[in-house]
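J.: what shape does this take:
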Amino acid sequence: MHKSLIVSGYKGYIGSYFCKVLKKKGIRFSKFDFENKKKRFKNFSHFFHFSFDINIKKNSLKKNEKRLLEVLDICKKNNIKLIFPSTCTYKYSRNNKRISNKIFAINKYSQSKIRCEKKILNYSKKYNLDYFIFRVFNVYGGNNFNRGVVSDLINKFKKYKTINLNYSQNTRDFINLEDLSNLFLKSLFINKSGIFDVGSGKSISIRKLAVSIKKVFKFNSNLIFVKPFKSSKNNYSKSNIYNTKLVFSWKPKIDLTKGLKKLSF
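T.: Numbering: from 1, shown residues only. So this is what the prediction gives:
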């Protein structure tokens, strides 16, 4: 059973939404600020570490790791479980089979996530720290102010009368923010550690996504699909949520069309 929760990155896209869910559910939580840290953490059971520098610059890698080490030290000293959202950059074969369960760096953001994952695993091995690493696929939902494929497409529809869309044959797996938050809540009651995929378990092309967005919101923009139709790498994405569903008794309930209709922007 959880006591009270700590949430870093509470002003961000996922963190701010999750805090609203906790407040609505009547679950006690405290917002964590790295510039104004609390000194006592004995009445907390879980630390949701959402704080992460997304726009990776020169010092961002060290900043993300430094902040994670602070969080890990707090968790170690106070027997707090860490929940860390990571990335989902897997490698796939030409026939879209996952080559390895290891993620690889396609940019500095994913590189930073990978380095943080390694630190969590090393800390857990050394200090027997409990943790969940959730490799989250493309998140959408809530207020449409996050960065991401869905948000970018909607903003293009709102801004341009004609949209020239490349990489339209690339596919992605989308998870609604509500479903993601429900998994976070489920994680409060599971006494184990591990790494888990979080997605819908389905993959949709950017082309089909764009057509769906146009239809749902009745945009009048013209869609033109231009070359290159597929990127040379990272052109396929699909979660494997078998273990996630099994361990957490969870499954995504909001399909993409329903999720798009629930968007507010």
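J.: ok, Asp179 to Ile195 distance?
T.: Asp179 sits 19 Å away from Ile195, taking C-beta to C-beta, to the nearest Å as the criterion. Placement of C-beta: from N, CA and C, glycine included.
J.: same question but for Tyr10, I mixed them up
T.: According to C-beta to C-beta, Tyr10 and Ile195 sit 24 Å apart.
J.: which one of those two is surrounded by more residues?
T.: Tyr10 (21 against 18; other C-beta atoms under 10 Å).
J.: these two touch, right, that one and Ser30?
T.: No. Assessed by C-beta atoms under 8 Å, Tyr10 is found out of contact with Ser30, at 9.4 Å.
J.: Lys245 in helix, strand or coil?
T.: Using DSSP: H, G, I helix; E, B strand; the rest coil, the structure places Lys245 in helix.
J.: got it, and Asp152?
T.: At Asp152 the chain is in helix, as set by three-state DSSP.
J.: any idea how far it is from Phe174?
T.: Asp152 sits 13 Å away from Phe174, going by C-beta to C-beta.
J.: between the two, which is the more surrounded one?
T.: Using other C-beta under 10 Å as the criterion, Asp152 and Phe174 rank with Phe174 on top: 27 against 11.
J.: what's the burial count for the nearest residue to the more buried one once chain neighbours are set aside?
T.: Nearest residue to Phe174, sequence neighbours excluded (C-beta to C-beta, 6 or more residues apart in numbering): Asn138, at 4.8 Å. For Asn138, the neighbour count with other C-beta under 10 Å is 18.
J.: and if you look at the one 5 residues further on?
T.: Counted with other C-beta under 10 Å, the neighbours of Asn143 add up to 13.
J.: do you know the pLDDT at the nearest residue to it once chain neighbours are set aside?
T.: Leaving aside its chain neighbours, Asn143 sits nearest to Ser264 (5.7 Å; criterion: C-beta to C-beta, 6+ apart). Note on Ser264: pLDDT of 74.
J.: what residue is smack in the middle of this protein?
T.: Ranked by distance to the mean C-alpha position of the chain (C-alpha atoms, centre = their mean), the top residue is Val136 at 3.7 Å.
J.: contact partners for that residue?
T.: Counting by C-beta atoms under 8 Å, 6 or more residues apart in numbering, Val136 touches 85-88, 175, 180, 198-199.
J.: contacting residues around stretch 54-72?
T.: Here stretch 54-72 makes contact (C-beta under 8 Å, 6+ apart) with 8, 34, 37, 47, 49, 51-53, 82, 84, 107-109, 111-112, 115-116, 119-120, 123, 129, 147.
J.: now, of those, which are buried?
T.: Buried by 16 or more other C-beta atoms under 10 Å: 8, 47, 49, 51-53, 82, 84, 109, 111-112, 116, 120, 123, 129, out of these.
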